[in-house]
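Undergrad: this one's structure only:
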Ligand code: GLY
């Protein structure tokens, strides 16, 4: 089978690494890829946003199956375009990807089908939104409706902060049309976890639960990032609850979309929060795998991923059973100095090493420099490790981290609760 992975981050390197393992794969490509994916796949120089060019390339190169990493091409309709060309793809059509690209759509669907989610309301009018804030007070969460590169959510501690966020999103149009509609919702205190499933339109197959570390600095301090590390399993949400969550969250949402004539086929990710009483609420949906969650989930997967994704793309997920290693996994993200703000690219990376049993360095913001690699972007590498216990996985990941360096490199020292 000829397989194409779309994207260039740590998630896509992990996908390529895992897909490559399958005897079903005869050729593997990654568009555009990075300095790490070139070791396991052929990099194809087409940006993820050019969905038309990707489809033409896939037709010309007889691609049997395409797996999409990031949300941007999904919200642009890459699955619609590929399907028009008769190409099989893992990723929802843009009408279904609205679950991620429109927070108000996701909220409306969840409220309609009784999925547990923080109480909230949707506004297109600034004055009405402000009145809601004044009535409900703070703390309150202000979410811009559209995709904002992870910067469209403000947890306001005071009414003034909430109103400032409304002004920024709706009046000053910081995110253009993405902020013209906002969702206001109650803030829930608790711990977050990532629950990701495969969906073929009907059948839902859960992956193992994971947890990412969103803040830049130890102890959950500093600005929000795309994720600075992850663990699986997580004490926040036991895997025994997965069956129930599939029935209470994913089943109703997929069925509601189906009743509107929208087929959901791809990965579906619920970012959930578990409060002190153990109540699980959905904060958001993503229409893709998480990054860096993928870099721990795939370390634990024993089954053939190509077989599962091929079945998904044919609507035959019912025939698939996924098997998992009993070991735990942890990963640590190495980021450029300045991330999540402006970063300087082009720093040479030293100490990179090839995969070892249970220890893999996944590339994200890297570009080849001869045989070596240099930085390009905020999150540069993810060091992922397995261990008999979570502590052992964490220790192993940090041992990997110690071998690597580049100018300005920053990472959290407390992934998995450890201090290193
Ligand atoms: N790690 C969070 C995300 O992928 O959205």
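TA: Everything's here; your move. These figures come from a predicted structure and were not determined experimentally.
Undergrad: rest of the way, CA atoms for contacts and neighbours
TA: Noted.
Undergrad: what packs against the host helix or strand of residue 194?
TA: Here residue 194 sits within strand 190-200, counting by DSSP states H and E. Strand 190-200 sits against strand 204-206, strand 211-212, strand 265-275, helix 305-313, with contacts defined as 3 or more Cα pairs under 8 Å, 6 or more residues apart in numbering; DSSP states H and E.
Undergrad: Which strands border the third one, and is each parallel or antiparallel?
TA: It refers to strand 265-275. Paired with strand 265-275 in the same sheet, following DSSP bridges, are strand 190-200 (antiparallel), strand 280-286 (antiparallel).
Undergrad: Tell me which of the helices and strands packed on strand 190-200 lies nearest to residue 86.
TA: helix 305-313 (11.8 Å; Cα to Cα).
Undergrad: who does the closest one touch, helix- and strand-wise?
TA: Against helix 305-313 (3+ Cα pairs under 8 Å, 6+ apart) you get helix 10-20, strand 89-90, strand 190-200, strand 265-275.
Undergrad: mind showing which ranges of the protein have poor pLDDT?
TA: 418-420 (pLDDT under 70).
Undergrad: need the residues of it near the ligand, please.
TA: Within the chain, the positions adjacent to the ligand are 212, 226, 227, 290, 291, 292 by Cα under 6 Å from any ligand atom.
Undergrad: Turn these into TSV, columns for neighbour count and distance to residue 88.
TA: Formatted as TSV, the residues of the chain next to the ligand follow (neighbours: other Cα atoms under 10 Å; distance: Cα to Cα, whole Å):
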residue	neighbour count	distance to residue 88
212	27	30
226	19	29
227	19	30
290	27	22
291	24	23
292	34	25
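Undergrad: Apart from its neighbours in sequence, what residue is nearest the residue in the stretch 301-420 of the chain positioned nearest to the ligand?
TA: In the stretch 301-420 of the chain, the residue that lies nearest the ligand is residue 333 (11.0 Å; Cα to the nearest ligand atom). The shortest distance from residue 333 to any non-neighbouring residue, by Cα to Cα, 6 or more residues apart in numbering, is to residue 382 (4.3 Å).
Undergrad: thinking again about what came up before, using JSON lines, lay out the helices and strands packed on helix 305-313 together with distance to residue 401 and mean neighbour count.
TA: Formatted as JSON lines, those follow (distance: least, Cα to Cα, whole Å; neighbours: other Cα atoms under 10 Å):
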{"stretch": "helix 10-20", "distance to residue 401": "15", "mean neighbour count": "26"}
{"stretch": "strand 89-90", "distance to residue 401": "32", "mean neighbour count": "27"}
{"stretch": "strand 190-200", "distance to residue 401": "24", "mean neighbour count": "24"}
{"stretch": "strand 265-275", "distance to residue 401": "27", "mean neighbour count": "23"}
